[in-house]
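J.: Build me a model from this:
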Amino acid sequence: MSHKIPCLIGDIGGTNARFTLILVTSNPEENPEEIETKYWETFQFPSVKSVFDNFLEKYQNTDKYPQFGVFGVASPVKNNTLLQFVNIPHWIPTNGDELAKELKMKKIVFMNDYAANGYGIQTKLIEGKDYLWVNKQEIDPNGTKLTFGAGTGLGFGYCVKDPHSPHYIVCDSQGGRQDYVSKNDLQYALMAYLAKYYGVDHVSVERASCGQSLIPIYQFLKDYEKIEPEPTLYAKLKDFHETSMSDNYSALNKELVQKGLKEECPLCKRTLELFVEIYGGVCGNFSTLMMPYGGIYILGGLSVALEPIIVKKGIFMKAYGDKGRIKPFLDQMPIMIITVHDIAIRGLREYCRRLVEEDEKK
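T.: Sure thing, here's the model as predicted:
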């Protein structure tokens, strides 16, 4: 019988932090037992360590004090060092190994928050419950895996098979910062519009294919294609700009998506179609870089919301494969939408399980 080992997982962002204490075994078929979850606003703490101290105080000298910790962070990570948060300038870089020694834990691992998805997709996923097929092809058990998805921003990462273990090595990336390359006159005009909209010379693929892209694409198409907007929503969106993002930003995006999917607003419908076309093209670009015969895993709540267009209308796959002579190879890549919202948490749990497994072998 496997022993239950207390572990701490969580995500640390520029605005909020969430810590969860769990009991983990080395058995991949056994789900962790959750003990407690706490949330904080990160800015109120003077350092990364002080966040840990706040959570761990009540567990000092108990059998629930964690031995391992794994955290996804909204910051670059180098050599297990969490580098400075842009939104929390008073936090100094923090090394996980040194922090573990201070806190008397065996190990603390920091990883980019998107890398946690890479571990999540390595857990058991059930078709129809955890994912839906976009392009159903055989998954190469040793092939590279690609994670890609639109949320507030655009995430991209990949996993390569470790030849010395049954696991994959997860690699994070800032691939969303690549240049957005237009492929026709419409997208070229959009690129120029986005450069002016954001006041930048460099328009990244993220600017054109993430959650924040929908409203500027809507505004662009209204004038470029002369599409008559639905008056109620247009009154809310006509002067909206990212720099004035308010608490109702998510609600406006949601309303735009719903009206587009229900075809209640021709401009919303066209916005979603152009977004998915760009999204598919970007995914195809990433695919040519990685040749992910192990699968492309599309993540993010926006991807799930747009599933009717991505899967059923064929716009995504047409743009994805529009790469000339390499198209026959791209068509062989398995592509699926991850439909659950806890895939990163599953990844953190899985990493803890591996740490427990390795520790038991010592």
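J.: I'd say residue 230 and residue 265 touch.
T.: Yes. Assessed by Cβ atoms under 8 Å, residue 230 is found in contact with residue 265 at 3.8 Å. C-beta here means a position set from N, CA and C on the backbone, and glycine is covered the same way.
J.: Neighbour count: those two, which is higher?
T.: residue 265 (24 against 16; other Cβ atoms under 10 Å).
J.: Distance of residue 184 relative to residue 278?
T.: Distance check for residue 184 against residue 278: by Cβ to Cβ, to the nearest Å, it reads 11 Å.
J.: And these two? Which one has more around it.
T.: When residue 184 and residue 278 are compared for neighbours, residue 278 comes out ahead with 23 against 9, by other Cβ under 10 Å.
J.: Confirm that the more buried one sits in a helix.
T.: Yes. Assessed with DSSP: H, G, I helix; E, B strand; the rest coil, residue 278 lies in a helix.
J.: wait, what's in contact with it?
T.: Shown in contact with residue 278 (Cβ atoms under 8 Å, 6 or more residues apart in numbering): 187, 208, 209, 213, 319.
J.: repeat that for 10 Å
T.: 180, 182-183, 187, 190, 205, 208-209, 213, 217, 315-316, 319 (Cβ atoms under 10 Å, 6 or more residues apart in numbering).
J.: same deal with residue 66?
T.: 5-9, 19, 21-24, 35, 52, 55-56, 59, 103, 105-106, 108, 352.
J.: Show me these that map onto strands.
T.: If you go by DSSP state E, these have 5, 6, 7, 8, 9, 19, 21, 22, 23, 24, 35, 108 in strands.
J.: my guess is the fifth one meets residue 70, correct?
T.: Yes. Assessed by Cβ atoms under 10 Å, residue 9 is found in contact with residue 70 at 5.3 Å.
J.: the helices in this protein, which residues?
T.: Using DSSP state H, the helices found in the chain span residues 48-56, 96-103, 115-120, 185-198, 205-208, 214-224, 231-237, 249-261, 266-290, 301-305, 307-312, 315-320, 327-330, 343-361.
J.: Tell me which of these sits most buried.
T.: helix 115-120 (a mean of 26; mean count of other Cβ atoms under 10 Å).
J.: chain center to that helix, what's the gap?
T.: A distance of 9 Å separates the centroid of the chain from that of helix 115-120, by Cα atoms, centre = their mean, to the nearest Å.
J.: packing partners for that helix?
T.: strand 68-73, strand 107-112, strand 145-150, strand 154-161, strand 168-172, strand 296-299, helix 343-361 (3 or more Cβ pairs under 10 Å, 6 or more residues apart in numbering; DSSP states H and E).
J.: Including mean pLDDT, could these go into a markdown table?
T.: What follows is those, written out as a markdown table (pLDDT from 0 to 100):
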| stretch | mean pLDDT |
| --- | --- |
| strand 68-73 | 94 |
| strand 107-112 | 94 |
| strand 145-150 | 93 |
| strand 154-161 | 91 |
| strand 168-172 | 90 |
| strand 296-299 | 97 |
| helix 343-361 | 93 |
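J.: Out of those, the one nearest residue 201 is which?
T.: Comparison of the helices and strands packed on helix 115-120 against residue 201 by Cβ to Cβ identifies strand 154-161 as nearest, at 19.1 Å.
J.: The closest one pairs with which strands?
T.: Strand 154-161 pairs in its sheet with strand 145-150 (antiparallel), strand 168-172 (antiparallel), by DSSP bridges.
J.: Tell me which of those lies nearest to residue 118.
T.: Using Cβ to Cβ, the strands paired with strand 154-161 put strand 168-172 closest to residue 118, at 3.5 Å.
J.: What residues sit buried inside the closest one?
T.: By 16 or more other Cβ atoms under 10 Å, the buried positions in strand 168-172 come out as 168, 170, 172.
J.: Now tell me what touches it from outside.
T.: 76-77, 111-122, 142-145, 147, 155-163, 290, 294, 347, 351.
J.: Which of these are buried? Put it as a PyMOL command.
T.: One line in PyMOL is enough to select the buried members of the contacts of strand 168-172, burial here meaning 16+ other Cβ under 10 Å:
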select buried, resi 77+111+112+113+114+115+116+117+118+119+120+121+122+143+144+145+147+155+156+157+158+159+160+161+290+294+347+351
